[in-house]
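[1] Predicted model follows, preceded by the sequence.
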Amino acid sequence: MFSLKEIRKTALISLWFVFLTFPIMVIKVDPIERIVRWRWDNALYVGLGIFFLRLFIEFLKEKNSIRQAAKTTEEKESLSKIHIIIANPKQRNILVGVLLCAASVFPFIFDTYQTNIMITALMYVVLGLGLNIVVGMAGLLDLGFVAFYAVGAYSYALLNYHFGLGFWAVLPIGGGLAAMAGILLGFPVLRLRGDYLAIVTLGFGEIIRLVLENWNEFSMGPSGISNIPRPGLFGLEMSLNGSILYLYYMMILFMIFTIFVVNRLQDSRLGRAWIALREDEIACQAMGIDKRKTKLVAFSLGAFWAGIVGVIFAAKTTFINPASFTFLESAIILSIVVLGGMGSIVGVIIGAFILILLPEYLRAFSEYRMLAFGAILVAMMVFRPQGLFSTIRRTYTFEKDK
Amino acid sequence: MTTPILKVTGLTMDFGGIRALNQLDLDVCAGEIVALIGPNGAGKTTFFNCVTGIYTPTKGDVILTPPGSSKGISLKGMKPNIVTQKGLARTFQNIRLFSKMTVLENVMIGRHCRTKAFILGAILRTKATRREEREILEMSYGLLEKVGLADFANEFAENLSYGAQRRLEIARALATEPLLLLLDEPAAGMNPQETLELDDLIKKIASEGQSILLIEHDMKLVMSLSDRIFVMDYGKKIAQGVPAEIRANPQVIKAYLGEEVDA
């Protein structure tokens, strides 16, 4: 099954791994007894483990390539299962129906803790979809997306603190303020692209966070703002569980609304202009697209969703401080978009669920949690660099007799 | 003589100390095919970039006069998208398609500056938006049929053959309903068969009254297509006239075709 050459290569690889892991797996310094323990047996385990793991992976690869070769070219081009389901309206409706049912009974089957995690995941879905407009569609690499999220959250906290405005009143205001911040950021970076843009947006995100952290009179500084009211329902008094339930359903509806809007934008004149902008800026302008306007709209629309989710975030946690809006947050949202598949709505949704739920459910592995999470991210990027789901462009059919 | 739709006077473009274009005059009349030829590095593409707003010329003026109107518009210093909106559409020497979009969508992009649905229209999908969208589709598909790419409408643009990509660029430019179509070396890299098809296509487009200004290296194509030819070398115009004149012009032969050809 395996040639001698393969086995020798595998042996060399496992030796290399033994060498690499030597400092942590073999050497153990005992500071109390002041001796070094040499755990040679660990080296053996690592070596054998890597040896068989690689043989196993090679075996799978071989099997896979045989299967691939057997397929006709036509089959190879066929899209993944989820694409087939989405392409078929009947199957898609069934899938959406099942998902909706599952989503609506979810809080009754699982406990409050699970529901809370779910709310967070849903929030990240919307954040991801917002960033997807900027990064996925318009191709503007934005590393400071969390700034808009912060703008939304602080709008609610401050407007409520100073003027006693309620959740529903601030929701559109927060979105609007974030959209304005998006335009504000957009103007100076209109000429920039790629890496340069990434650096400027990164700076912008940090500026917002630092302002919030240091301008005590305005934002209460690092101690944050507490006692932010949860969203109300016509002045109805709700228990903690009740309000979590309420937030959950609100978030579901809100996510559906976002998907609806983003989906419509994607196949519109504006959406096409965004994608054209991503593909080739010069050609895009030569075709009569106003680069400035298109970019600004992308920035502000993306920021709008972040602002709205920010308001919801403030209402959910009832306490915010600048520590919630660090660069890590931007990085996670960006990972959601990249991991899910740039520009793909389904991809972003699934990406958000994976990235937010995985660390939660990996809690079972306690201290290995983040290690496993990182390993999964690396593995996914190695095996599917284009993201989980690539975009499908809309196709149009025409009558033949035209 | 009617007023030319495009009139370029004294166009000069400096890049630092290098004068890429020097006092260039050129005009295109309605319904004409005009070719701009010259050796590599003569400044032809720079000329296109100046006219279409990608560069702002140092001196000179570019005047576009829509047929029927008496007053011309100066395009000098306008942004490329405004120039396109005013009625100049171009293709690129090195193909610049939107490769991750379908062939049809590429053409639909060309309709952008002639349509106006925006955020709200897109979200609400109002009656006006739907009608506009249908019009975009029908016109784009019609253009694809004209350039013979209708069968590939839903393919990604990057999967088309080289010749087909060139034709798609022309269709995309035509979708903007230009007063003047500017083709930057449309036959570059094409095999003889593809060049022949391109020749037919350009003639077909021109026969519908489309004015065309093209840069081309393929002499056979230029001679067969053009009504008039402008020749430039080192940023200067060295000759202009009908193909027969150009063919006989000793200065052109010297600069462009090489000295040994005069035998």
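    Here it is on my side, so go on.
[2] CA only for contacts and neighbour counts going forward, please
    Noted.
[3] Domain ranges for chain B, per the record?
    Using automatic domain parsing, the domain parsing of chain B gives B:1-87+B:178-263, B:96-173.
[4] Could you say which of those is packed most deeply?
    Ranked by mean neighbour count, these are led by domain B:96-173 with a mean of 20 (mean count of other C-alpha atoms under 10 Å in any protein chain shown).
[5] if we can go back for a sec, out of the domains of chain B, which gets nearest to A:V96?
    Closest to A:V96 of the domains of chain B is domain B:96-173 (C-alpha to C-alpha; 20.5 Å).
[6] pLDDT averaged over that closest one, what's the number?
    Average pLDDT, domain B:96-173: 88.
[7] hmm, that domain touching chain A?
    Yes: residues of domain B:96-173 are located near chain A by C-alpha under 8 Å from any C-alpha of the partner chain, namely B:96-102, B:105, B:109-110, B:112-113, B:117-119, B:122-123, B:125, B:133, B:154, B:172-173.
[8] The closest residue to B:C113 other than its chain neighbours - how many residues pack around it?
    Excluding its sequence neighbours, the residue lying closest to B:C113 (C-alpha to C-alpha, 6 or more residues apart in numbering or on different chains) is A:G288, at 5.2 Å. Residues lying near A:G288 (other C-alpha atoms under 10 Å in any protein chain shown) number 28.
[9] Repeat that for A:G351.
    For A:G351, the count of nearby residues is 27 (other C-alpha under 10 Å).
[10] Which parts of the stretch 301-402 of chain A are helices?
    A:327-340, A:345-361, A:369-383 (DSSP state H, counting those that start in this stretch).
[11] roughly how far out does the second one sit from the chain middle?
    The chain centre lies 7 Å from the centre of helix A:345-361; the measure is C-alpha atoms, centre = their mean, to the nearest Å.
[12] And the pLDDT at residue 177?
    Went with chain A since none was named. Among the per-residue scores, A:L177 holds a pLDDT of 95.
[13] actually it's chain B I care about, not the one you picked
    Model confidence at B:E177 (pLDDT) stands at 89.
[14] Please name the residues that touch it.
    Counting by C-alpha atoms under 8 Å, 6 or more residues apart in numbering or on different chains, B:E177 makes contact with B:G87.
[15] now it, what's its secondary structure?
    coil (DSSP: H, G, I helix; E, B strand; the rest coil).
[16] Kindly list the longest helix within chain A.
    helix A:40-70 (DSSP state H).
[17] what's the closest non-adjacent residue to residue 221?
    In the absence of a named chain, chain A is used. Distances taken as C-alpha to C-alpha, 6+ apart place A:E213 nearest to A:G221, at 4.5 Å, with adjacent residues excluded.
[18] right idea, wrong chain: chain B
    Nearest non-adjacent residue to B:L221 (C-alpha to C-alpha, 6+ apart): B:D199, at 6.6 Å.
[19] which stretch of helix or strand covers that neighbour?
    helix B:192-207 (DSSP states H and E).
[20] what does B:F230 give?
    Per DSSP H and E: B:F230 is located in strand B:228-233.
[21] who's in contact with that strand?
    Residues contacting strand B:228-233 (C-alpha under 8 Å, 6+ apart): B:26, B:32-39, B:42-44, B:237-243, B:246, B:252, B:255-256.
[22] what lines up beside it in the sheet?
    strand B:33-37 (parallel), strand B:236-241 (antiparallel) (DSSP bridges).
[23] how about the helix or strand where the residue nearest to A:G221 lies: buried residues?
    A:E213 belongs to helix A:194-214 when assigned by DSSP H and E. Within helix A:194-214, the residues that count as buried by 16 or more other C-alpha atoms under 10 Å in any protein chain shown are A:197-202, A:204-206, A:208-209, A:212-213.
[24] export those to a markdown table and tack on pLDDT?
    Converted to a markdown table, the buried residues of helix A:194-214 look like this (pLDDT from 0 to 100):
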| residue | pLDDT |
| --- | --- |
| A:L197 | 89 |
| A:A198 | 90 |
| A:I199 | 91 |
| A:V200 | 91 |
| A:T201 | 91 |
| A:L202 | 91 |
| A:F204 | 90 |
| A:G205 | 91 |
| A:E206 | 91 |
| A:I208 | 90 |
| A:R209 | 91 |
| A:L212 | 90 |
| A:E213 | 90 |
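[25] Centre-most residue in chain B?
    Against the mean C-alpha coordinate of chain B, by C-alpha atoms, centre = their mean, the closest residue is B:L182 at 1.3 Å.
[26] measure it to B:K76 for me?
    Here B:L182 is placed at a distance of 16 Å from B:K76 (C-alpha to C-alpha, to the nearest Å).
[27] Show me where the stretch 1-150 of chain A has its strands.
    In the stretch 1-150 of chain A, strands defined by DSSP state E, counting those that start in this stretch lie at A:27-30, A:35-38, listed in chain order.
[28] Show me how far the first one is from its chain's centre.
    Put plainly, it is strand A:27-30. Using C-alpha atoms, centre = their mean, the offset of strand A:27-30 from its chain centre is 40 Å.
[29] A:F148 contacts A:I183, correct?
    No: using C-alpha atoms under 8 Å, A:F148 is not in contact with A:I183; the gap is 10.9 Å.
[30] more crowded one of the two?
    Between A:F148 and A:I183, A:F148 has the larger neighbour count (other C-alpha under 10 Å), namely 32 against 21.
[31] can you tell me how far that one sits from B:G41?
    For A:F148, the distance to B:G41 - C-alpha to C-alpha - is 48 Å.
[32] Any stretches of the stretch 151-263 of chain B with poor pLDDT?
    Residues of the stretch 151-263 of chain B meeting the criterion pLDDT under 70: B:256-263.
[33] Contact partners for A:T201?
    Counting by C-alpha under 8 Å, 6+ apart, the residues that A:T201 touches are A:142-145, A:185.
[34] thinking again about what came up before, from the chain's centre, how far out does the strand holding B:F230 sit?
    Worked out by C-alpha atoms, centre = their mean, strand B:228-233 lies 16 Å from the chain centre.
[35] C-alpha coordinates for it, PDB please?
    C-alpha atoms of strand B:228-233 as PDB (Å, rounded to 0.1, in the frame of the first residue of the first chain):
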ATOM      1  CA  ARG B 228      -8.900  58.000 -41.200                       C
ATOM      2  CA  ILE B 229      -5.600  57.300 -39.400                       C
ATOM      3  CA  PHE B 230      -3.500  59.400 -37.100                       C
ATOM      4  CA  VAL B 231       0.200  58.400 -36.700                       C
ATOM      5  CA  MET B 232       2.200  59.500 -33.700                       C
ATOM      6  CA  ASP B 233       5.800  59.000 -32.600                       C
END
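[36] In TSV: the strands of the stretch 1-150 of chain A, plus mean neighbour count, mean pLDDT and distance to chain B.
    TSV is the format used below for the strands of the stretch 1-150 of chain A (neighbours: other C-alpha atoms under 10 Å in any protein chain shown; pLDDT from 0 to 100; distance: least, C-alpha to the nearest C-alpha, whole Å):
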stretch	mean neighbour count	mean pLDDT	distance to chain B
strand A:27-30	13	84	52
strand A:35-38	12	85	56
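[37] With distance to B:A164 added, can I get those in JSON lines?
    JSON lines is the format used below for the strands of the stretch 1-150 of chain A (distance: least, C-alpha to C-alpha, whole Å):
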{"stretch": "strand A:27-30", "distance to B:A164": "64"}
{"stretch": "strand A:35-38", "distance to B:A164": "67"}
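[38] Compare these and report which one is nearest to A:G351.
    Taking C-alpha to C-alpha, strand A:27-30 is the member of these nearest to A:G351, at 38.8 Å.
[39] Which elements pack onto that closest one?
    With contacts taken as 3 or more C-alpha pairs under 8 Å, 6 or more residues apart in numbering or on different chains; DSSP states H and E, strand A:27-30 sits against strand A:35-38.
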